[in-house]
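Visitor: Take a look and give me a structure for this.
(2 chains)
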Amino acid sequence: MSPAGPFSAAPERVLTVRDLRAYYRTKYFGISREVRAVDGISLHVDRNEIYGLAGESSCGKTTLIKTIVRAIRPPLDVVGGSVTFHFAGRDRDIHALNDSELESIRWRHLSYILQGSMNVLNPVRRVRQSFVDFAHRHIGKPMPEFLRHVESHLARVRLEPAALDAYPHELSGGMRQRVTIALATVCRPDFIVADEPTTALDVVVQKDVLGMLREVQQEIRSSMILVTHDIGVHANVTDRLGIMYAGRLAEEGRTVDVIRDPRHPYTSHLVTSLPRIGDVTQRRGLEGAPPNLAVPPTGCRFHPRCPLAMATCRAEPPPMVDVAPGHRVACWVTAPPDQPVTVQ
Amino acid sequence: MSAAGTLLLEVDRVRMTYVVGGLIRRRGVRAVDDVSLRLEAGNPEILAIIGESGSGKTTLARMILNLATPTAGTIRFRGADVTQIRSNRQRMAFMREVQPIFQNPFEAFNPLKPIDHYLFFSARRFAGARARIDFEAKADKALHQVGLSLAEVKGRYPHELSGGQLQRIAIARALVSSPSLIVADEPVSMVDASLRMSIVNLFKALRDELGVSIVYITHDLATAYYISDRVLIMQRGKAVESGDARGVLDNPQHPYSILLKSAVLSPDDAGRPMSPADSAGRPSAHSTSNTE
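Guide: The predicted structure follows:
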């Protein structure tokens, strides 16, 4: 189905996001409010790559991926920018598609593992029926063959065929999570978006589920965006990592570079403040609170909490600057833009 | 009861059985099964109870707080059996000494009441403050202990404050009555990553500066390693390993503790993505249930 290019020299771009802006706009009793949850984000994801998105709550992670998969409802509105997928040799701007085109892309090419996904299965339908509801028409095989296909796919996430006959409440959290992963990958989509897929799980189960997610992703050679606030998960699973702060990307690069050599003060804080087993040196919390995106700070949005802030930071937002190949940072102090500026 | 005089808290082989099912197929689930632990008076420490969901750690906390009565076993606080508390006066005296902090600060406060209401209420109820000036002073003192002040929070509602601030206020509320034991159930899991460490450090400060013993419930081994003096690892209601925090977590002995430690995803693993073999063939933690 997918023109796999594992050994081609140039990585194939599957997703390109250009200067994306998505705001929540409300108007009640004549008072308008605008929350700039995604404010000028550019990124790209290559084939067979797992792109991680990290950031604390209310930094716009979920809004960003809702915009990417076009699961938007008012008051959320895309104000500017574009989201272009490259599926089956064609470029598709997801916000320019009509409903039937969107339907033909969803699930077949683009699937979405929702936040809290262990609770998204229909509680009054057996797992088998959920598979039929979601995937049967996309796969286009006769029913018995389709069910055999589903069973063999369930074996990939180490679930017995008997799980198909269960109701969601009869399965443990980890098993339900594996069912949703199987559901999202059964059509072998080119692109998977996973929003906090393991947050509600216990550590032991979490590691199993993540291992399985990566295994399935590598087997069907799809690309993935994985959203979680847990840096430990990113270190173990993702290839590239983008750090979001208050609706903007603060830093982006290969996961190992971002974690081993963070350049943005916010990233440095996130990485150094994590407790580690075998290390009892004093950790520090960050002063202040995450900003209110209805009235974001001027300039660099991190400046009120930043230990390195200077006058420029208060006045103007920093551009994204390449500090190393594939490693971009938006910070006036650690990445002054004397190098060529990339699009932001 | 010989050693009871020096013990702050003694949990002695407690068990909690929940009955599930109806008239037919009734069965008991042992949420906590034969767990014992001790905290010494005059030696404030942080005891971390570690376990995954369903391991009984919250049930154990509820029993220590006397919100649930054990099916078997005893819990003694300063030598007195907490299940024998009958009069309101005894209950108040107990609650003054043992205070809870809950997981989700957004749910711990009534959204329709100003936040200082809780502090004043606790001050009146537990700290014997009668006049307004008294309980305002008590609330202010408690808030200063967590790095806030009454002027900052007075008259404000929960939605106006961040998760980190709310959790600080929850801790301040617990401190109003000058307790000797705080039971904190996953106090940082709902707090933003950038604010988490300041709350964790606050617990350390409570132990070192105010001499409060803390039962700290968590599923995060790295945080437990960072703050606790002793740990108790629970699996399906049973305590499987306990002892000095560094000793146990550096070198776990019980298979379940080893499994828990191996499942910790460390940021230091960057650059060597976990191999699929890591997760293969691992017995699922949910494969057996703890039914009688």
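
Visitor: check contacts around residue B:26.
Guide: B:19-20 (CB atoms under 8 Å, 6 or more residues apart in numbering or on different chains). Quick note: C-beta positions are derived from backbone N, CA and C, even for glycine.

Visitor: per-residue pLDDT, it?
Guide: Per-residue confidence at residue B:26 stands at 76 (pLDDT).

Visitor: Equivalent analysis for residue B:278, please.
Guide: 45.

Visitor: Same check on residue B:290?
Guide: According to the prediction, residue B:290 has pLDDT 45.

Visitor: Tell me which residue in the stretch 151-292 of chain B sits closest to chain A.
Guide: At 2.5 Å from chain A, residue B:198 is the closest residue in the stretch 151-292 of chain B, using CB to the nearest CB.

Visitor: Please, where are all the helices along the stretch 1-150 of chain A?
Guide: Assigned by DSSP state H, counting those that start in this stretch, the stretch 1-150 of chain A shows helices spanning A:61-68, A:99-105, A:127-139, A:143-156.

Visitor: Chain B is nearest to which of those?
Guide: helix A:143-156 (10.7 Å).

Visitor: close to chain B, is the closest one?
Guide: No: for helix A:143-156, no contact with chain B is found by CB under 8 Å from any CB of the partner chain; the gap never falls below 10.7 Å.

Visitor: Show me what that helix is in contact with.
Guide: Residues contacting helix A:143-156 (CB under 8 Å, 6+ apart): A:128, A:131-132, A:135-136, A:139, A:141, A:160-161, A:163-164, A:179, A:182, A:185-186, A:212, A:215-216, A:219.

Visitor: Mind listing what's buried along it?
Guide: A:146-147, A:149-151, A:153-154, A:156 (16 or more other CB atoms under 10 Å in any protein chain shown).

Visitor: where does the residue of the stretch 151-292 of chain B closest to chain A land on pLDDT?
Guide: 85.

Visitor: My guess is it contacts residue A:288. True?
Guide: No: judged on CB atoms under 8 Å, residue B:198 makes no contact with residue A:288 at a distance of 10.3 Å.

Visitor: So the two - more neighbours on which side?
Guide: Set side by side, residue B:198 and residue A:288 show more neighbours around residue B:198, with 21 against 14, by other CB atoms under 10 Å in any protein chain shown.

Visitor: how many neighbours does the closest residue to that one other than its chain neighbours have?
Guide: Distances taken as CB to CB, 6 or more residues apart in numbering or on different chains place residue A:285 nearest to residue B:198, at 2.5 Å, with adjacent residues excluded. Counted with other CB under 10 Å, residues neighbouring residue A:285 total 21.

Visitor: is it true that residue A:285 lies in a strand?
Guide: No: counting by DSSP: H, G, I helix; E, B strand; the rest coil, residue A:285 is not part of a strand but coil.

Visitor: I'd like the distance between it and residue A:17.
Guide: 32 Å (CB to CB, to the nearest Å).

Visitor: and what of residue A:50?
Guide: 16 Å.

Visitor: These two: who's more crowded?
Guide: Shown here are residue A:50 and residue A:17; by other CB under 10 Å, residue A:50 has more neighbours (24 against 20).

Visitor: Now do the contacts for that one.
Guide: A:214, A:217, A:223-226, A:237-240.

Visitor: Kindly recompute the last result at 7 Å.
Guide: Taking CB atoms under 7 Å, 6 or more residues apart in numbering or on different chains, we find residue A:50 in contact with A:217, A:224, A:226, A:237-239.

Visitor: Repeat that for residue B:181.
Guide: Counting by CB under 7 Å, 6+ apart, residue B:181 makes contact with B:8-9, B:97-98, B:213.

Visitor: Return the closest of those residues with respect to chain A.
Guide: Out of the contacts of residue B:181, the member with the shortest distance to chain A (by CB to the nearest CB) is residue B:213, at 19.4 Å.

Visitor: check contacts around that closest one.
Guide: Counted by CB under 7 Å, 6+ apart, residue B:213 has contacts B:8, B:39, B:44-45, B:180-181.

Visitor: pLDDT score assigned to it?
Guide: For residue B:213, pLDDT reads 94.

Visitor: quick one, phi/psi of it?
Guide: Here is the backbone geometry of residue B:213 (degrees, to the nearest 10): phi -80, psi 150.

Visitor: what does the stretch 201-344 of chain A have sitting close to chain B?
Guide: A:202-205, A:207-208, A:211-212, A:214-215, A:229, A:231-233, A:235-237, A:255-256, A:259-260, A:269-271, A:273-278, A:280, A:283-286, A:289-290 (CB under 7 Å from any CB of the partner chain).

Visitor: What's the separation between the residue in the stretch 101-250 of chain A that chain B sits nearest to and residue A:158?
Guide: Across the stretch 101-250 of chain A, the shortest distance to chain B (CB to the nearest CB) belongs to residue A:211, at 3.0 Å. Note on residue A:211: its distance to residue A:158, by CB to CB, is 10 Å.

Visitor: out of those two, which sits in the more crowded spot?
Guide: residue A:211 (21 against 16).

Visitor: Which helix or which strand is home to that one?
Guide: helix A:203-220 (DSSP states H and E).

Visitor: Repeat that for residue B:259.
Guide: With DSSP H and E as the criterion, residue B:259 is inside helix B:255-262.

Visitor: And the contacts of that helix?
Guide: Counting by CB under 7 Å, 6+ apart, A:203-204, A:277, B:221, B:233, B:235, B:240-241, B:248-249, B:252 sit against helix B:255-262.

Visitor: Now flag whichever of the residues you listed is closest to residue A:173.
Guide: Within the contacts of helix B:255-262, the smallest distance to residue A:173 is 11.5 Å, found for residue A:204 (CB to CB).

Visitor: Relative to residue B:260, how far out is the closest one?
Guide: Residue A:204 is 6 Å from residue B:260, by CB to CB.

Visitor: got it, and residue A:18?
Guide: 44 Å.

Visitor: which one of those two has more residues nearby?
Guide: residue B:260 (25 against 16).

Visitor: so what's residue B:240 up against?
Guide: If a contact means CB under 7 Å, 6+ apart, then residue B:240 has B:233-234, B:254, B:256-257 as its contacts.

Visitor: from the residues you listed, which single one is nearest residue A:323?
Guide: Using CB to CB, the contacts of residue B:240 come closest to residue A:323 at residue B:257, 41.3 Å.

Visitor: tally of neighbours for that closest one?
Guide: The burial count for residue B:257: 21, using other CB under 10 Å.

Visitor: Before we move on, what's the pLDDT of it?
Guide: 91.

Visitor: where do the strands sit along the stretch 51-200 of chain B?
Guide: B:72-77, B:80-81, B:98-101, B:181-185 (DSSP state E, counting those that start in this stretch).

Visitor: Run through the residues of the stretch 51-200 of chain A sitting next to chain B.
Guide: A:56-57, A:172, A:174.

Visitor: go with 10 Å
Guide: By CB under 10 Å from any CB of the partner chain, the residues of the stretch 51-200 of chain A that approach chain B are A:54-59, A:158, A:171-175, A:198-200.

Visitor: Go ahead and build a ChimeraX selection from the buried members of those residues.
Guide: Selection of the buried residues among those in ChimeraX, burial being defined by 16+ other CB under 10 Å:
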select /A:54,55,56,58,59,158,171,172,173,174,175,198,199,200
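
Visitor: Out of the residues of the stretch 51-200 of chain A next to chain B, which two sit at the greatest distance?
Guide: A:58 and A:158 (35.4 Å).

Visitor: Is residue B:30 located within a helix, as I assumed?
Guide: No: read with three-state DSSP, residue B:30 is strand and lies in no helix.

Visitor: returning to what we had before: return the item of the contacts of residue A:50 having minimum pLDDT.
Guide: Out of these, that is residue A:217, at 87.
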